[in-house]
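1. quick check, what structure comes out for this input:
(chains A and B)
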Amino acid sequence: MRVLTKTSLYYLLVSLVVFAVGGTVFYLTLREEIYDEVDDQLFTDKENIIAYIRQYDRLPNVTSGISEAIHVRKANPEKLVMEQLKDTLIFSSYDEEFIPFRQLTFTAYRQGEPYEYTIFKSVMDFEDLTESTVLAMVWIFLLLLVGLVFVNYYINKYTWRHFYGTLAKLKSYTLSQHQPLALRQSNTREFEELNQVLQSMTGKIHNDYLNLKEFTENVSHEIQTPLAIASSKLELFMQSENITEEQALLLSDMYSALNRLARLNKSLILLTRIENREFSVEERVPLHRLLQEQLAHLQEIIAMRELEVRQEELDEAYLHMNSGLADVLLQNLLNNAIKHNKPGGSIKVLLNSQKLCIRNTGDAPQDQPEKLFGRFQTGHDAVGSLGIGLALVKKICDIYGLIPKYNYTNGEHSLCIYFTK
Amino acid sequence: MKILVIEDEAALKDSIVAYLKQEGYTCDEATDYRSALLKTASHTYACVVVDLTLPDGNGLNIVRSLKENHTDTGIIIISAKNALDDKITGLEVGADDYLTKPFHLSELNARLKSVLRRRNFNGQKVLRVGEVEVQPEAAEASVAGKPLTLTRKEYELLLYFVSNRNRVLTKESIAEYLWGDHIEMLDSLDFVYTHIKNLRRKIIEAGGQDYINTVYGLGYKFMSP
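-> Next comes the predicted model:
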């Protein structure tokens, strides 16, 4: 949940509670006041009525006071009601509904006889008042709420804008891009601190990264010469006469290990150079033609492995990229399809303007598919494989915005490169 | 035939010189830029093998000066940089070939021979080992005058063998010579075996002897009788 939504929600919640409690208290107070008032009026009426009786010895007119009705009956002397306040409902035939009344019952003596008087006062008007007051309250509440949330949202949005800017920059930040993290200044202290911390942190990480990269590059390059020396000495050694069979085997093992190291190193250097975007010369590369060249180049190996190549679709397709890297890409894809195949299997090639798919038969992968594009991920069946081919593929795809996708279905590995996003 | 080897790593330079001397070339050596320039100025070489990264200068300048003053001299660049740009610049400036370290000495030898042939230094247009003749210009081969029908790879293999006659050639170096270093080894080692078997059969069928000897554990050797 976004911080804006969250604070807005909390505001809403707190306002809701405050208004609920406030509204209830307000309502109760108002009611209390109204009842007080009604009761006061009823008591005043009572005094007036008693005074009237004393003076005129008869009942006053109904309309003489505030009360809307007076009900008189002879009181039962054994059950005298001295004074009693009560709520009651009286059916109004005009409105066809019950109308709330407040009634005061009291006993007054006339000519020595006790009479029970009940006077009524409608509280309908007061109820209406309460209702409209509450309604007004609700409206005020709603308006205030909307205003509050609105203002809160925009103020927050305004003050958090640098934070969101920073976040967006961080999201698009990659180490291999050689650009420092440029964050906008903020006058909010926390955000400014955050920016400073982030800037110094990424700066440090970037420096470490550069150092490490430089180290790897240097190592790779520096290794070339000793490798060349060792391999040339071995080759000279091999030319010498009277080498025993045992020595020959030792030499041969050394030589192939050295060769493996040399190839590995070359691949790593290539990988680094792609990463450094050193292959800047780009042109419109005809993939279909390159693919056919590569297939022709690999034809012997394919035939020897008794594989069948099926060109399901081979449309013209052009990519804007370095032609050397396009070669590396196709070579590695095809090598991969040959290497992880089984004798008598097949390789299906599909190329159109959207994608290039190479599918080959083979055993199910043991690793998770995401891992396949990592370095030094080798399947169990590929002896002598460096496990760097697909890492190269991934790297090349990365710098040209291509999307490689792998899956395994029905005994077939499928590796597709999508050209558009 | 005089060859100049310019390489600052003494150990590597010694290997190259040793291999080339066994091939019968006369070798001069230089380990830095200045002495290399001096030598190229005062002598004429059939071919110069030059390392691009020298302690006191860029080997490319040597290539440039050679192109200006000794147009007949063949030039092979060897470099650890493996940089495509270097390769392109090197070939643009006029080098005949380019090898990245580490390389097989036998491959350097084959390339050197090819450069010398192209430069036509001693008019040797036909390579001959016993009854086997290879004519690189026409890309043809024959045994005792009888033409051999070879696939392209078999022809290249024969050329490689003939260029390095009496030398032990490892399977790895043959594979790399035939398929380049970008092809991951795959089954190319078994493959080398298949091609050698076919080549051997074709030579014998054409009436030649078995020139290709298997050197136990190491590789193959094309023996001149």
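2. contacts (any at all) between chain B and the host helix or strand of A:Asn218?
-> Per DSSP states H and E: A:Asn218 is located in helix A:189-239. Yes. Helix A:189-239 comes into contact with chain B (Cβ under 8 Å from any Cβ of the partner chain), by way of A:221, A:224-225, A:227-233, A:235-236, A:238-239. From N, CA and C alone the C-beta is placed, and that goes for glycine too.
3. list the contacts of the closest residue in space to A:Met124 that isn't next to it in sequence.
-> With Cβ to Cβ, 6 or more residues apart in numbering or on different chains as the criterion, A:Met124 has its nearest non-adjacent residue at 5.3 Å, and that residue is A:Ile99. By Cβ atoms under 8 Å, 6 or more residues apart in numbering or on different chains, the residues touching A:Ile99 are A:Leu89, A:Ile90, A:Phe91, A:Ser92, A:Ser122, A:Met124.
4. tell me the contacts of the first one?
-> I take that to be A:Leu89. By Cβ under 8 Å, 6+ apart, A:Leu89 lies in contact with A:Phe98, A:Ile99, A:Pro100, A:Phe101.
5. regarding the residue nearest to B:Leu150 when sequence neighbours are not counted, what is its secondary structure?
-> Spatial nearest neighbour of B:Leu150, chain neighbours left out: B:Ala141 (6.1 Å); criterion: Cβ to Cβ, 6+ apart. Classification of B:Ala141 using DSSP: H, G, I helix; E, B strand; the rest coil returns strand.
6. what about A:Asn276, how many residues nearby?
-> A:Asn276 has 13 neighbouring residues, counting by other Cβ atoms under 10 Å in any protein chain shown.
7. ok so, going back, tabulate the contacts of A:Leu89 (a markdown table), appending pLDDT and secondary structure.
-> Converted to a markdown table, the contacts of A:Leu89 look like this (pLDDT from 0 to 100; DSSP: H, G, I helix; E, B strand; the rest coil):
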| residue | pLDDT | secondary structure |
| --- | --- | --- |
| A:Phe98 | 82 | strand |
| A:Ile99 | 81 | strand |
| A:Pro100 | 82 | strand |
| A:Phe101 | 84 | strand |
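8. what's the closest of those to A:Ala257?
-> Nearest to A:Ala257, judged by Cβ to Cβ, of the contacts of A:Leu89 is A:Pro100 at 103.4 Å.
9. surely that closest one touches A:Lys121?
-> No. Applying Cβ atoms under 8 Å as the test, A:Pro100 and A:Lys121 come out as separate, 10.1 Å apart.
10. tell me which of the two has more neighbours.
-> A direct count of neighbours by other Cβ under 10 Å for A:Pro100 and A:Lys121 places A:Lys121 higher, at 22 against 13.
11. what's the helix or strand for the more buried one?
-> strand A:113-122.
12. report the buried residues of that strand.
-> By 16 or more other Cβ atoms under 10 Å in any protein chain shown, the buried positions in strand A:113-122 come out as A:Tyr115, A:Glu116, A:Tyr117, A:Thr118, A:Ile119, A:Phe120, A:Lys121, A:Ser122.
13. for the helix or strand containing A:Thr130, packing partners?
-> Element membership for A:Thr130, per DSSP H and E: helix A:124-171. On a contact count with 3 or more Cβ pairs under 8 Å, 6 or more residues apart in numbering or on different chains; DSSP states H and E, helix A:124-171 meets helix A:3-56, strand A:97-110, helix A:189-239.
14. got the angle for that helix vs helix A:3-56?
-> Per axes from the mean of the first three to the mean of the last three Cα atoms, to 10 degrees, the angle that helix A:124-171 makes with helix A:3-56 is 170 degrees.
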